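Visitor: Here is my input; please provide its structure:
(chains A and B)
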Amino acid sequence: TQLLEQSPQFLSIQEGENLTVYCNSSSVFSSLQWYRQEPGEGPVLLVTVVTGGEVKKLKRLTFQFGDARKDSSLHITAAQPGDTGLYLCAGDRGSTLGRLYFGRGTQLTVWP
Amino acid sequence: KAGVTQTPRYLIKTRGQQVTLSCSPISGHRSVSWYQQTPGQGLQFLFEYFSETQRNKGNFPGRFSGRQFSNSRSEMNVSTLELGDSALYLCASSLAGNQANYGYTFGSGTRLTVV
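Guide: Numbers count the residues shown, from 1 in each chain, chains lettered A, B, ... in the order given. Okay, here's the model as predicted:
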């Protein structure tokens, strides 16, 4: 069983649309990260959120960490074809050094 | 600065063989973690090394092993390969293995195909 449940698994949208990806768990995390992965490459870190209720913005991407530090969301405004990729959330439980717990990912495709 | 380097990028092996994958972390990083990525299971944690010591291990059979050298470079070995071992193997380096403070950088991975 996955510690982090990510939804939706697939998302296919037109350029200019908005979207939200969710990452949920029944466990508490010390921090939560969002990565983007291109085919044949490793995940690239987008953001780390640490404090419950924290909101971080990265241009058109908005990341939120739940108050109880059990869930997170990624919102993309006015999606562009360059946003296409696999988005992964990953949690750090603090006590398990060197280990991240990954969600299964959301495959986003943005059509021009 | 140079990123995380994984070699080789691609590998094709036959069932029953063994394989060794290499990961060179970012200079100064002492923690190296290994993950297996498959379409069905996503990224699954294999193990983590810090200063040549394995600190953490995932739920994989004993056929999967690893080690870390004094220069922080790490290798993982899979013996008696099975078809199900076909996957993208990723390593991640960090200063100390504490994501909240330092973050992880992933390599491009080694694509292993077992035939």
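Visitor: Where do the helices of the chain begin and end?
Guide: All of this is about chain A. With DSSP state H, there are no helices along chain A.
Visitor: The chain in question should be chain B.
Guide: Using DSSP H, helices in chain B cover B:99-102.
Visitor: low-confidence ranges in it?
Guide: B:1-2, B:97-102 (pLDDT under 70).
Visitor: now swap in chain A and tell me
Guide: A:1, A:95-96.
Visitor: try it again with 80
Guide: The model of chain A has pLDDT under 80 over residues A:1-2, A:94-98.
Visitor: Quick check: residues of it near chain B?
Guide: A:2, A:30-31, A:33, A:35, A:40-45, A:48, A:50, A:88, A:90, A:92, A:94, A:96-105 (C-beta under 8 Å from any C-beta of the partner chain). The C-beta positions use only the backbone N, C-alpha and C, and glycine is treated the same way.
Visitor: Recalculate using a threshold of 7 Å.
Guide: A:30-31, A:33, A:41-43, A:45, A:48, A:50, A:92, A:96-100, A:102, A:104-105 (C-beta under 7 Å from any C-beta of the partner chain).
Visitor: are any of these buried, and which?
Guide: A:30-31, A:33, A:41-43, A:45, A:48, A:50, A:92, A:96-100, A:102, A:104-105 (16 or more other C-beta atoms under 10 Å in any protein chain shown).
Visitor: Out of those residues, list just those in strands.
Guide: Among these, DSSP state E puts A:Ser31, A:Gln33, A:Leu45, A:Thr48, A:Asp92, A:Phe102 in strands.
Visitor: A:Leu19 pairs with what?
Guide: Judged by DSSP bridges, the bridge partners of A:Leu19 are A:Ile76.
Visitor: Could you report the neighbour count for the closest residue to A:Lys70 other than its chain neighbours?
Guide: Leaving aside its chain neighbours, A:Lys70 sits nearest to A:Ser25 (5.1 Å; criterion: C-beta to C-beta, 6 or more residues apart in numbering or on different chains). The local packing of A:Ser25 (other C-beta atoms under 10 Å in any protein chain shown) involves 22 other residues.
Visitor: ok, now A:Leu74?
Guide: Neighbour tally, A:Leu74, other C-beta under 10 Å: 23.
Visitor: Tell me who's in contact with residue 18.
Guide: Going with chain A. A:Ile76, A:Thr77, A:Ala78 (C-beta atoms under 7 Å, 6 or more residues apart in numbering or on different chains).
Visitor: nope, chain B
Guide: B:Gln18 touches B:Asn77, B:Val78, B:Ser79, B:Thr80, B:Leu81, counting by C-beta under 7 Å, 6+ apart.
Visitor: Distance of it relative to B:Arg67?
Guide: B:Gln18 is 14 Å from B:Arg67, where distance means C-beta to C-beta, to the nearest Å.
Visitor: picking up where we left off before, surely the residue nearest to A:Lys70 meets A:Leu32?
Guide: No. Using C-beta atoms under 7 Å, A:Ser25 is not in contact with A:Leu32; the gap is 9.0 Å.
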